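*Asks:* could you look at this predicted model? Sequence included:
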Amino acid sequence: MLSVKDALKNQILSLDIDMCEPDAENAFFVANLDEVYNQHFRWKSLLPRIEPFYAVKCNPDPLLLRLLASLGTGFDCASKVEIQTILDIGVDPSKIIYANPCKQASFVRYAAEHNVKMMTFDNSDELYKIKRYFPDAQLVLRILTDDTMSLCKLGLKFGASLDSTEALLQTARKLDLNVIGVSFHVGSGCYDENAFIDAVHRARFVFDQASELGFNLHLLDVGGGFSHSRNCDGITFEKIAAILGPEIDSLFPPNVRVIAEPGRYYAAPAFTIATHIIARRTVLSNGDVQTLDMDTVLNDETQTRDDHSGYMYYINDGVYGAFNCILFDHQVVHPKVLFKKGIFTFDEILDEPVYNCSIWGPTCDSIDCISTVSSLPVLLPGDWLYFEEMGAYTICAASQFNGFKKSNIIYTATNPEVFAILYDAYF
């Protein structure tokens with residue numbers, strides 16, 4: 001199969017913008033499944049004790065899920081549909097944790113019918129619900145942690161404080177429910193590795209508390225929040241693993257099973273999106289927007305002018321589509337030039353002047369802004385931009401507002417093992 005570069009190039013060069021069918025020049029993803037494979041063995045190398053249970057909500061792409069299932073990961077599901085999706089690809093129910101502390105009653109019944117026993121809770125009402133619909137469930141108490149160093153602070157919605165855990169355990173004991181462990185989540189997009197250490201110590205406190213009440217806990221779920229970045233200046237997976245692994249070993253004996261719920265760690269680096277510049281407006285130095293005739297646009301005479309301060313570029317995916325991560329997930333995206341004046345420029349540094357610009361999505365809504373301030377060389381309608389690390393919380397929440405279609409996915413891999421796994425999964 002092709003590299004990401006070749007997949008992008010082949011798709012773009014196959015298009016004749018003047019003659020193609022409607023939608024042919026839509027934005028599209030290239031999913032490099034080699035990245036998923038590499039991330040998995042990076043995990044197994046650095047955190048060998050912790051079993052990854054991929055967070056399906058992050059990106060439920062079917063090929064991604066099949067690859068992870070083939071690699072032996074478990075799955076963190078938050079709904080009946082997610083559970084059904086994972087069961088349908090042949091995953092054993094024991095490899096699923098229903099990690100939603102507040103569940104719909106019919107979904108609890110569905111989990112019971114399909115023997116998906118592990119599920120989380122953080123309140124007493126949930127315990128009574130589970131007692132009614134799935135009394136044989138294996139329960140995991142989700143506790144509140146310090147998530148102030150994360151982009152998405154999940155503690156606003158979920159997690160039992162340490163002041164309430166004893167009462168919850170007593171209720172579970174009264175209802176004769178099987179509590180098997182403790183879970184936590186330091187928040188999505190955590191940028192302080194020490195948050196995991198504080199959370200592990202809180203979990204140890206609840207383990208001891210449960211032991212005094214007669215429970216024999218044997219599962220620790222350290223949740224998500226794992227960085228996929230290899231940027232040494234920020235938090236990296238290596239930094240997290242270097243302190244989290246030893247801390248778990250020091251606090252929990254080997255008989256305690258440890259799992260985690262990584263999502264963006266696997267999905268983010270695997271997906272690149274290519275977007276077509278569908279329109280452009282020139283912003284004059286006085287702030288006015290200039291309308292140019294077609295000959296001027298095509299000849300790009302504005303490069304020689306000194307009375308403009310920048311450009312507004314409009315591309316064919318936006319915050320109602322794959323770039324919803326900007327609104328919902330606090331992501332900052334970085335545009336790069338992919339195709340300019342008929343020349344393919346992937347992964348190249350262009351020796352050209354750059355200008356201030358803003359980048360906008362295709363809908364008629366003014367909030368559909370992808371970047372308020374970027375620096376790019378002068379581009380024309382018909383050129384292409386690309387954005388890397390776009391696999392997490394993008395496709396899964398995209399809509400078709402204003403009638404714009406969701407961006408398609410082209411899959412690629414150069415690793416023969418990845419290709420073989422996917423071939424076996426489908427044929």
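*Replies:* Noted; the coordinates are in hand. Numbers count the residues shown, from 1 in each chain.
*Asks:* please count neighbours and contacts with C-alpha atoms only from this point.
*Replies:* Noted.
*Asks:* measure how buried residue 94 is and give me the count.
*Replies:* 12 (other CA atoms under 10 Å).
*Asks:* and it, what is it in contact with?
*Replies:* Listed by CA atoms under 8 Å, 6 or more residues apart in numbering, the contact set of residue 94 reads 115-118.
*Asks:* for the residues you listed, work out which two are farthest apart.
*Replies:* By the measure CA to CA, 115 and 118 form the most distant pair in the contacts of residue 94, at 9.0 Å.
*Asks:* between the two, point out the one with more neighbours.
*Replies:* The neighbour count for residue 115 versus residue 118, taken as other CA under 10 Å, is higher for residue 118 (22 against 16).
*Asks:* where's residue 340 relative to residue 348, distance?
*Replies:* Going from residue 340 to residue 348 by CA to CA, to the nearest Å gives 12 Å.
*Asks:* which one's more surrounded, these two?
*Replies:* residue 340 (17 against 10).
*Asks:* bridged to the residue lying closest to the more buried one once chain neighbours are set aside, which residues?
*Replies:* Sequence neighbours aside, residue 383 is the residue nearest to residue 340 in space, at 5.0 Å (criterion: CA to CA, 6 or more residues apart in numbering). Judged by DSSP bridges, the bridge partners of residue 383 are residue 381.
*Asks:* again, but for residue 315
*Replies:* Beta bridges link residue 315 to residue 277 when assigned by DSSP bridges.
*Asks:* give me the neighbour count for it.
*Replies:* Here the number of neighbours of residue 315 (other CA under 10 Å) works out to 26.
*Asks:* so it touches residue 278, yeah?
*Replies:* Yes - applying CA atoms under 8 Å, one finds residue 315 in contact with residue 278, separated by 5.4 Å.
*Asks:* distance to residue 105 and secondary structure added to the contacts of residue 94, as JSON lines?
*Replies:* Listed next are those as JSON lines, based on distance: CA to CA, whole Å; DSSP: H, G, I helix; E, B strand; the rest coil:
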{"residue": "115", "distance to residue 105": "15", "secondary structure": "coil"}
{"residue": "116", "distance to residue 105": "14", "secondary structure": "coil"}
{"residue": "117", "distance to residue 105": "15", "secondary structure": "coil"}
{"residue": "118", "distance to residue 105": "15", "secondary structure": "strand"}
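*Asks:* which single one of the residues you listed is nearest to residue 418?
*Replies:* Once CA to CA is applied, the member of the contacts of residue 94 that ends up nearest residue 418 is residue 116, at 28.3 Å.
*Asks:* quick one: pLDDT of the closest one?
*Replies:* We have a pLDDT of 98 for residue 116.
*Asks:* now do residue 103
*Replies:* With respect to pLDDT, residue 103 scores 97.
*Asks:* send me the longest helix seen in the chain as PDB with only the CA atoms.
*Replies:* Longest helix of the chain, by residue count under DSSP state H: helix 194-212. What follows is helix 194-212 as a C-alpha-only set of coordinates in PDB (Å, rounded to 0.1, in the frame of the first residue of the first chain):
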ATOM      1  CA  ASN A 194       2.100  14.200  37.700                       C
ATOM      2  CA  ALA A 195      -1.700  14.200  37.500                       C
ATOM      3  CA  PHE A 196      -1.500  10.500  37.000                       C
ATOM      4  CA  ILE A 197       0.500  10.000  40.200                       C
ATOM      5  CA  ASP A 198      -1.900  11.900  42.400                       C
ATOM      6  CA  ALA A 199      -4.800   9.900  40.900                       C
ATOM      7  CA  VAL A 200      -3.000   6.500  41.500                       C
ATOM      8  CA  HIS A 201      -2.600   7.500  45.200                       C
ATOM      9  CA  ARG A 202      -6.300   8.300  45.400                       C
ATOM     10  CA  ALA A 203      -7.100   4.900  43.900                       C
ATOM     11  CA  ARG A 204      -4.900   3.200  46.500                       C
ATOM     12  CA  PHE A 205      -6.800   5.000  49.300                       C
ATOM     13  CA  VAL A 206     -10.100   3.600  47.900                       C
ATOM     14  CA  PHE A 207      -8.600   0.100  47.500                       C
ATOM     15  CA  ASP A 208      -7.700   0.100  51.200                       C
ATOM     16  CA  GLN A 209     -11.100   1.600  52.100                       C
ATOM     17  CA  ALA A 210     -12.800  -1.200  50.200                       C
ATOM     18  CA  SER A 211     -10.600  -3.900  51.900                       C
ATOM     19  CA  GLU A 212     -11.700  -2.700  55.300                       C
END
